[in-house]
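> My questions concern the predicted model and sequence given below.
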Amino acid sequence: MSEVYKNRHATFNLHVHLVFITKYRKKVLGELHHDYFSECAAEVCKSFDAELKECNGETDHIHMLIQYPPTVQLSKLVNNLKSVTSRRMRGDFIDLRAAYSKPVLWSRSYFASSCGGAALDIIKQYIQNQRG
């Protein structure tokens with residue numbers, strides 16, 4: 001059985017599988033970008049009392065598995081993740097700034113799936129195997 005989390009007023013086990021795609025599906029992400037993204041995303045999650053459990057991807061998208069409390073509005077977490085990671089990554093990687101004429105990195109769309117029914121180990125393994 002997976003871990004059950006508790007806070008002052010709730011006991012919960014909430015996980016979400018998120019996928020962010022680069023703008024125009026440009027293949028601009030490398031290993032250094034993925035590692036830096038993971039660091040930034042973990043910090044953002046922590047500020048929401050959430051935890052980045054797994055993170056990986058390919059050259060044009062990133063998968064994340066995040067555990068979060070019931071007080072978090074998923075849309076706010078996603079918006080924060082996108083804006084913070086985009087700003088920081090474009091600030092630290094010249095190649096990402098040069099890839100787009102405007103200050104963007106992520107597409108406006110994203111994928112989100114609750115993970116209550118699937119075994120988390122299977123989802124983790126799927127995310128770990130994303131980078132060919």
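Cool, got the structure.
> so where is the chain shaky, pLDDT-wise?
Judged by pLDDT under 70, the chain has its weakly predicted residues at 1-2, 116-118, 132.
> distance of residue 78 from residue 108?
From residue 78 across to residue 108, the span is 11 Å (Cβ to Cβ, to the nearest Å). From N, CA and C alone the C-beta is placed, and that goes for glycine too.
> Of those two, give the one with the bigger neighbour count.
residue 78 (18 against 8; other Cβ atoms under 10 Å).
> Helix, strand, or coil at the more buried one?
helix (DSSP: H, G, I helix; E, B strand; the rest coil).
> I'd like the distance between it and residue 110.
Going from residue 78 to residue 110 by Cβ to Cβ gives 6 Å.
> overlap in contacts of those two?
Taking Cβ atoms under 8 Å, 6 or more residues apart in numbering as the contact criterion, the common neighbours of residue 78 and residue 110 are residue 18.
> Chain neighbours aside, what residue packs nearest to residue 42?
Distances taken as Cβ to Cβ, 6 or more residues apart in numbering place residue 52 nearest to residue 42, at 4.5 Å, with adjacent residues excluded.
> Would you confirm that that neighbour belongs to a strand?
Yes - Residue 52 sits within a strand when classified using three-state DSSP.
> what sits opposite it in the beta ladder?
Counting by DSSP bridges, residue 52 forms beta bridges with residue 66.
> check contacts around it.
Counting by Cβ under 8 Å, 6+ apart, residue 52 touches 38, 41, 42, 45, 64, 65, 66.
> In three-state terms, label the residue nearest to the spatial centre of the chain for me.
By Cα atoms, centre = their mean, the chain has its centre lying nearest to residue 64, at 4.1 Å. Under three-state DSSP, residue 64 falls in the strand class.
> does it really touch residue 17, like I thought?
Yes - Residue 64 lies in contact with residue 17 (Cβ atoms under 8 Å); the separation is 7.3 Å.
> Just the C-alphas of stretch 9-17, formatted as CSV.
Output in CSV follows, covering the C-alpha atoms of stretch 9-17 (Å, rounded to 0.1, in the frame of the first residue of the first chain):
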residue,chain,number,x,y,z
HIS,A,9,-7.3,18.4,9.1
ALA,A,10,-6.9,15.6,6.6
THR,A,11,-5.5,12.2,5.7
PHE,A,12,-4.8,11.9,2.0
ASN,A,13,-2.9,10.2,-0.7
LEU,A,14,-3.1,12.5,-3.8
HIS,A,15,-0.7,12.2,-6.7
VAL,A,16,-0.9,13.7,-10.2
HIS,A,17,1.0,12.9,-13.3
